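Undergrad: coords please:
(one chain, ligands or ions: 2)
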Amino acid sequence: TRSTRPQRMLKAVQKNATKGNPESVISAIDYFCKHSEWAMNVGDEKGSILDSVVTEVNPSTVLELGTYCGYSTVRIARLLSPGTKFITLEFNPANVTVARQIIAHAGLQDKVTVVEGSSGDLIPQMKERFGITTFDFIFLDHWKDRYLPDIKLFEECGLLRKGSVLLADNVICPGAPEYLEYVRNSPRYENRYYPAHLEYTKVEDGLEKSVFLG
Ligand SMILES: CCNc1ncnc2c1ncn2[C@@H]1O[C@H](/C=C/CNC(=O)c2cc(-c3ccc(F)cc3)cc(O)c2O)[C@@H](O)[C@H]1O
Ligand SMILES: [Mg+2]
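TA: Numbering: from 1, shown residues only. Ligands and ions are numbered 1, 2, ... in the order given. Sure, this is the predicted structure:
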C-alpha cells in the first residue's frame, strides 16, 4: 500500500540528514517540503521566530501540542538546557511513530518525551504522570479549534504561572479566531503578534505570543 506523507518525510530525513545533527534534520525537512511535498511543519521562517522565543524564555518545563512529524519538536529540543522537561502530545499513533524516529535521527530522544494521546485527556494528567506543576513555555500547533478549550484547561488545571509563555502557530492561516479573541480580550494575558507567512508559501500567517499574568 502507498506510503504516507509523514513516512516519505522520514525517509527523506534518513537519506539526507546526518545522524545526531539537528540542524541537518531541520534542513532536510524544509528541503523536502519546498521541493517534494508541502507539509504542515511550522517551517523555517516561523521556526526562526519560535527559536527566538524559546531562547528568550529559556524554559525549565515545555509542552508542545500536536507533534505531527516532530519538526518543531526538534527545533525546540535542540535549544533547551540540560535537565529541561519537554513533553509533546500527539494522538495519531502513526505520527507518533514517525516523530520518534525523526527526533531520534536528530539525536534528541533523551531531551523530549513524545506522549501518545489527546491533549484534552493528557493535560489534566501532567502533574500525576510527569510531576510537572506549571509550564514555562507551551507551543500550540494542533487542531486550531482546540487552542481555546486547551488554554482554558491549562488555567483550570493550574498549569500556568505568572510569566508562563504560550506561542500559537497559524493564528491567521488556517486561523484560530476564538483563541485570538480570548487572549487579546483577557486581562490575564499580555500578547504580541509576530507576522510571518504560512510555511513554505507567500500566504500571510503569524504566531501569537501570550504571557500569563497570573
Ligand atoms: C483533539 C485535540 N488534541 C490533540 N491532541 C494531540 N494531538 C493532536 C490534537 N489535535 C491534533 N493533534 C495532532 O496534531 C497534528 C495536527 C495539526 C493541525 N495543524 C493544522 O491543521 C495546520 C494546517 C495548516 C494548513 C494551512 C493552510 C492550508 F491550506 C492547509 C493546512 C498549517 C499548519 O501550520 C497547521 O499546523 C496532527 O499530527 C494531529 O494528529
Ligand atoms: Mg502549524
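Undergrad: how about F137: which residues does it bridge to?
TA: Beta-bridge partners recorded for F137 (DSSP bridges): V62, V165.
Undergrad: from what I see, it and L50 are in contact.
TA: No: the pair F137 and L50 does not pass the contact test of CB atoms under 8 Å, sitting 10.1 Å apart. In short, each C-beta sits where N, CA and C put it, glycine included.
Undergrad: count of neighbours near the residue in the chain that ligand 1 sits nearest to?
TA: Nearest residue of the chain to ligand 1, counting by CB to the nearest ligand atom: G66, 3.0 Å away. A total of 23 residues lie near G66 under the criterion other CB atoms under 10 Å.
Undergrad: in space, what's closest to it - neighbours in sequence excluded?
TA: Nearest residue to G66, sequence neighbours excluded (CB to CB, 6 or more residues apart in numbering): H142, at 3.1 Å.
Undergrad: which SS class is the one you found?
TA: coil (DSSP: H, G, I helix; E, B strand; the rest coil).
Undergrad: dump the residue contacts of the closest residue to ligand 2 within the chain.
TA: In the chain, no residue comes nearer to ligand 2 than D169, which is 3.7 Å away by CB to the ion. By CB atoms under 8 Å, 6 or more residues apart in numbering, the contact set of D169 is V42, K46, S72, F139, L140, D141, L207.
Undergrad: can you give me the neighbour number for the second one?
TA: Counted by other CB under 10 Å, the residues lying close to K46 total 24.
Undergrad: quick one: it and E204 touch, right?
TA: No: between K46 and E204 there is no contact under CB under 8 Å: 11.7 Å.
Undergrad: residues shared between the contacts of the two?
TA: H197.
Undergrad: done for today, thanks.
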